[in-house]
Structures are given as structure tokens and as C-alpha cells.
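Trainee: Build me a model:
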Amino acid sequence: MTDEEAGDYGGGFNLTCILYEGAITVSTTGTISVAGTNYEPSFAFASQISKGDYVGLFVDTGNTYDATHGIPVVCAAAVLTPIIGRVITEPRWVNAPQTTTASWAADLARHSYRTAVVKFMGVKAAHKALTNGDATAIVVGEPVKFQVSTDGWMCATATYTGAFSFHYTANAAAVHILVGFGMYAAGSGATVAGYDTVA
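Mentor: Residues are numbered from 1 along each chain as shown. The predicted structure is shown next:
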């Protein structure tokens, strides 16, 4: 499979991601067509993501490795959510909701979200890794560093180390996160990975 189209070239790290698209409105009103009435549900998103859109990491404490099954969560890029990648496939439902939703925690628990492959332009690799459990929380997109004495990853605050976390953890015990490796820059007023986006 290639993601190259006219005018769209270059390397990057491709990874399937969960799309955070805000509240999902479900409509079950029938539509009249030539063949009769169609009662297929339709969906509207507060922040819809489409193929070709730029995205940033969705910073949320609910986005733990276990809750997301190890998959990163991305959202539409904004001023405080710098661009870290671009959607290169059409989004697909994991489990379409039956009713309108407004809670990301509930959507995540029910798998009521879509996924797509994202090309991370500045990321070169990622792997599942253990934290050091030192009780210092690791925020999504925050730089991390490896602590040899505990054989685990820890928060690096605003010290950019070339590695960052795709997941959140309170780090009260050694748990798994997905660590990304590559180039990234500070966001406007937030410590997150990505290329800066300005208003």
C-alpha cells in the first residue's frame, strides 16, 4: 500500500490511530429514496476528521495504554494541539454508537470511535515500554527519558529528549506506554509533541 499521491511525498512513520472527533450526534430519521425509505443512521461530529487532515495528539488523562489497547489517540490540529501527523486512509468505525454521545470516557469504553492510519512526519519509531512507577504522571505527548536504575521511562517535563509518550499514566506503578522516537517541537503554551501550529 502506498500513501503517495501527486504532490504528497516523503518518509514518516505510519500508525493506526483512534480519532477523537468530539461529541457524536446520531440521527435515525428515515430518508426517502427511489427504492423506499432508508433508516440507516447518520452521524455528525463536533470535530470531524477526514483523510488528508492534519492531526495532533489528543491530550486526555483517559488515554491510557490499557484503555486505548496501545493505540494512540489523535484529534484535529489546533493552536494548542500542534500538528504531529496527517491522516492517510479513510476513517472506519470500530463500533458506531446507537445514540448521541458527549462523553469521551464512555465512547472510549464502548469503542464508539473511528480509526485511521496516520503518517507521523517527524516520528521515526515507536515501541511499547514500561514506566518507572515513580508517581510522577506522564502526560500524552510529554517528553520522557529512560531511567537506568529503575529500568523504566519517566517524565522529562519540558526537556526534549527525542522520545515522548503517546499515552497518559499517573505512574503510581510501572505500567506500559507507547514511546515515540523522533523530532518534535513545543506547542504554543503546552508541552506536547508535534510541529507548532499558530493562530
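Trainee: list the contacts for the nearest residue to residue 162 once chain neighbours are set aside?
Mentor: Spatial nearest neighbour of residue 162, chain neighbours left out: residue 181 (6.1 Å); criterion: C-beta to C-beta, 6 or more residues apart in numbering. C-beta: built from backbone N, CA, C; applies to glycine. Residues near residue 181 by C-beta atoms under 8 Å, 6 or more residues apart in numbering: 123, 124, 125, 126, 162, 163.
Trainee: For residue 181, give the beta-bridge partners.
Mentor: Per DSSP bridges, the residues bridged to residue 181 are residue 125, residue 163.
Trainee: Which residue lies nearest the spatial centre of this protein?
Mentor: With distances taken as C-alpha atoms, centre = their mean, the residue of the chain nearest its centroid is residue 73 (1.9 Å).
Trainee: coming back round to it: among the contacts of residue 181, which two are most distant?
Mentor: Using C-beta to C-beta, the pair of the contacts of residue 181 lying farthest apart is 126 and 162, separated by 12.5 Å.
Trainee: which of these two has more neighbours?
Mentor: Set residue 126 next to residue 162 and count neighbours by other C-beta atoms under 10 Å: residue 126 wins out with 19 against 14.
Trainee: you'd agree the more buried one is up against residue 165?
Mentor: No. The criterion here is C-beta atoms under 8 Å, and residue 126 misses it with residue 165 at 10.1 Å.
Trainee: That'll do, ta.
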